[in-house]
Structure formats: C-alpha cells, structure tokens
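Colleague: let me see the structure of the following:
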Amino acid sequence: MGVIQHNSIGSTLAQSDWEGTTTHLIGGAASTNIVRSATYVVAASDAPADIRAQADYVCDGINDQVEILAAINACPNHPTAPSTAKTGRVTLMGHTFYLGALLDIPPLEDFVLDAWDSTLSVGGIRLDSTMSCILNFGVIAGLTAGIGLDIEPRTVSPDNVKTFACNQINIRAIAGVIPLTAGSVGLNIDPVTAEVHRNIFTVPEIWGFETLVKLGSSATYSVDCNLFKLPFLYAGTTAILDGAVGATLNLRNRFIAEFSTGFSITLTNGADIYGYDGFWDVYNSGGATNPVIFRSGARRNFVRSSSLLTYTDNSGRTDNQVVTEASVGVKEMFSPATYGTENYRLSRYVGYRVNADLEDAAVTLKVPDDFQTLVQAGIIYIAEGAVTDMTWNVNTEFAASGEGYSSHTDSTTVTRTTLLNTMYEDDISVALTGLLAGDTVGFHFTRPAAGNTNIVVLGVRLKYQVK
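Modeller: Numbering: from 1, shown residues only. This next block holds a predicted model:
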C-alpha cells in the first residue's frame, strides 16, 4: 500500500484515507508516495470515522467555528513582511459544520479554503482583508446572524494594506430563513474601511433574505471591477442593491443574474442601482415587480436582458440604457399608400384622403425574409378634423408566392378621437393574424357609409422580430 506524506506534521497515513485530498503522485506501482494537498484538514462531527481519525482538527457539532479558526490560525503568515495574513490551504471534510457564532476569518493571502462539500449552518461568515485567495464554501444556511457572507476588510495585512482584492469566491448556496428577517442580507459587501475590487463571486442560489445581495458604498473606498455570477435569486425583497445615494465609488461592476420567485415570495425590486458604469446581464422570470430601478445619481449603466424587462429611471440622467432581446432583434419598415380615391397633398405630406362615404386608400408591402414574429403594424395618417370617435375599417389580404392572393384575409376597425391637422399612428396588428416571412400584404382602408372619417392616409409601418 502507498503512503501519504503530511506536509505540516510529517505523519504517514494510509493512501485510501486521503485520496480525496491529494494533488499528485510520486513514484509508481506497488508503493506510491502521495503528497497531501492540504496544510490542515478539519473533520465535521458527521465525517466518516477514518477521516476523523486522521484529521488535524475534529469538530463535535457544537461551536465548530472554533476548530475551523484554529486550523486557519495554525497556518504560517505570508512571507511578505510585515504581513500577518495567513497563507496555506485548509480543507473541511464532512457534511455539516455547526457554527454557534459568527465564523470570523482573519486576513488571508494566497490561501485556499475548501469547504465545497459541506454545509456551514446557523452562524454566518465574515471575511477580513483578503487577497489572491480561492475560497470555496458549500451551503451557508440557517442563519441567525442576519448576514450570510459578510465581506468587510478592516485589518492591515495582505501586502501590508487593507483590501479585499483579486479573490475567487465560490458558494453553492446562501440560504436564509422564511419568514424574512428584517435587515437580513445574503451576500454583503462592506467597503467602509477598505476597497473591494477585482473579485469574482459565484453563487448559484441565494434566498431567504430581505436583501439578497448588497453592495455597500463609501465616500472614500470603492467597490469596483467585480464580477457577480448569481443565476438564481429569489424569496427576498430586493435582489441586488448596488450602493446608496451618492455611491460615486460603486463602479464598473458586472452582474449576471436571474430574478425568480420562491416560497410564494415575489421580489419587490430586482436590480436597485445607485452606482455607475455597471454592466447588468439579467433575466426576470416573473420574479421582480420592479426588475430594474435607476436611483438618483446612477449613470452610464448598461442593462441587457433576454426577457421583456421593464424599468424605472429616477436617476435624473439620460445615459442609462436598457436593451432587451425584443429590442435587439427588432427591425421595422414603412410602405407608403399607393392607391386611393383621392390623391392628396397636405403641406409637405403626400397620401390619399378618405373623407367621404366609401372613399378608400390602399397600401401594399412585401414581408421581409428575416421576419420571425410581428411586433406591431400601424397605420400612419393625419386627421383633417376634430372628431369624437372617428371610425374607419381596415381589411387585409396576404399570401405567399404560389398561393392565391386572397389565401389569408383579416380585418379590424379603428376608432379614435382626433384633433385637427394632427399626426397619428394606430395599431392594426390584429388584422394580420398568421402573417409569415415572404408574404405580400394588401391593406384597404375605407370610410363606412354615413361615417365620420376625415384622414389623409400616409402609409403602414411594420415592426417585427427578426429570425
């Protein structure tokens, strides 16, 4: 049987006991030395007996934060003088670690904390100044502290500065409680005493907090250039709160997120934005009443969505932009009126006038080959009278090449109260049921007998989603 060399205490262990925490093999065949990848291993109270027997620290299921912190603090200081940040690797093994109080992790640099397979229950976690680390957490759950993961750099350590930078944070889920606790936060970024920048946060699921993700703001320190991958945010009041009034140092952050519904709780706000130069790639699957809100001072934010996303802009600026799938893939075309009872010019506009019984106007257009679905069809006209409930009829015929010209027919009636010499566009999409790419369409606009129509028909605008 091979052996494993423990880097920190020099013990020799059975290979089968530590296969799950090794990084490489040395030698071959019958006898193989395996160098253990962790500086220290912490076993949960429910870990298998052989793992517990060989672990450096063994938890009893009560105040397990004590053993976890002991393992971290036992790691050496980073060699960059005078840094007191810990460096090394700590692995947590077993299903559940019970945190009787906040797991308050000291400054770290070039550190790997691997708890991906574990649930850290009840207490919540706080990170101090941290640089160039990989921190893997499984489920942070059942919280009593009000905050799931708190990023709060406050101690001078990594490279002799206060900062939270260049880290990769991976968490399977941050799970709160139902009903929601007032003031609770799932992932909290607090830059009050130091900057938080150039980090990657990947959290597939956050639920059960009043605010699921909160980026605090500071007049001195920035929250900038971070990437947040948050594919399932639900069961809260606000999904993502980016800053507060005057959050001029919340900038250049990128968010990939979906707002959803769970536990019969609908989010009130999705992206609540005070920062600037943010890039938001979001999807609102019915999960937020107000998917995007630009607050006072928000500027130069770009929001992209594959859903039909509504938004409110209270920023007082014009440089925030929201682009949806519908707007990205939409084209439009205009076809002028080509026939009618009375060819007519009104000022610099040319069309066909319909102002007597049974007078008409007609438009013909060809539907483009890249047409996928109809967004809107509108008749554009000028009213030549101030009329209450002016009414006229719309009839259509459309067909593809090789079909009879009247293969498809439809109709609608338009009613509008008009003002004299006023331009209008009215939706006539219901008269185009079943329209397809390549169809040729004929529109016929008529004044009913004893009607009150008095318009100049200029043409039809077709707006459509492209393939």
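
Colleague: state the distance from the residue nearest to A175 when sequence neighbours are not counted to T341.
Modeller: Spatially, and ignoring its direct neighbours in sequence, A175 is nearest to A141 (4.2 Å; C-beta to C-beta, 6 or more residues apart in numbering). (Glycine included, C-beta is placed from N, CA and C.) A141 sits 74 Å away from T341, going by C-beta to C-beta, to the nearest Å.

Colleague: neighbour count winner among these two?
Modeller: A141 (20 against 17; other C-beta atoms under 10 Å).

Colleague: could you give the bridge partners of the more buried one?
Modeller: Beta-bridge pairing for A141 (DSSP bridges): S121, A175.

Colleague: that one and I147, how far apart?
Modeller: 13 Å.

Colleague: what do you get for K463?
Modeller: 47 Å.

Colleague: got it, and H408?
Modeller: 60 Å.

Colleague: quick revisit: K463 and I147 - which one has more neighbours?
Modeller: I147 (25 against 15).

Colleague: contacting residues for that one?
Modeller: Contacts for I147 (C-beta atoms under 8 Å, 6 or more residues apart in numbering) come out as G124, R126, S184, V185, G186, N188.

Colleague: cool, D150 as well?
Modeller: G124, I125, R126, L127, V185, N188, D190.

Colleague: give me that answer again for 6 Å
Modeller: R126, N188 (C-beta atoms under 6 Å, 6 or more residues apart in numbering).

Colleague: who's it bridged to?
Modeller: R126, N188.

Colleague: just T364 next, same as before
Modeller: According to DSSP bridges, beta-bridge pairing links T364 with G442.

Colleague: and L346, by the same measure?
Modeller: Y349.

Colleague: that one reaches V456, doesn't it?
Modeller: Yes - counting by C-beta atoms under 6 Å, V456 is a contact partner of L346 at 5.2 Å.

Colleague: which one of the two is surrounded by more residues?
Modeller: Counted by other C-beta under 10 Å, L346 and V456 do not tie: V456 has more neighbours, with 26 against 13.

Colleague: any idea which helix or strand carries the more buried one?
Modeller: V456 belongs to strand 455-466 when assigned by DSSP states H and E.

Colleague: show me what that strand is packed against.
Modeller: Other helices and strands packing on strand 455-466, by 3 or more C-beta pairs under 6 Å, 6 or more residues apart in numbering; DSSP states H and E, are strand 330-336, strand 349-354, strand 360-366, strand 371-383.

Colleague: out of these, nearest to S264?
Modeller: strand 371-383 (32.9 Å; C-beta to C-beta).

Colleague: report the strands that pair with that closest one, each with its relative direction.
Modeller: strand 422-427 (antiparallel), strand 455-466 (antiparallel).

Colleague: so which bits of the shortest one are buried?
Modeller: The neighbour-count criterion (16 or more other C-beta atoms under 10 Å) identifies Y424 as the buried residues of strand 422-427.

Colleague: send me that strand as PDB with only the CA atoms.
Modeller: Written as PDB, here are the backbone C-alpha positions of strand 422-427 (Å, rounded to 0.1, in the frame of the first residue of the first chain):
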ATOM      1  CA  THR A 422     -52.600  66.100 -36.100                       C
ATOM      2  CA  MET A 423     -50.400  63.100 -36.900                       C
ATOM      3  CA  TYR A 424     -51.400  59.700 -35.600                       C
ATOM      4  CA  GLU A 425     -50.300  56.100 -35.700                       C
ATOM      5  CA  ASP A 426     -52.800  53.400 -34.700                       C
ATOM      6  CA  ASP A 427     -52.200  49.700 -34.100                       C
END
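
Colleague: the inter-axis angle of it versus strand 349-354?
Modeller: 70 degrees (axes from the mean of the first three to the mean of the last three C-alpha atoms, to 10 degrees).
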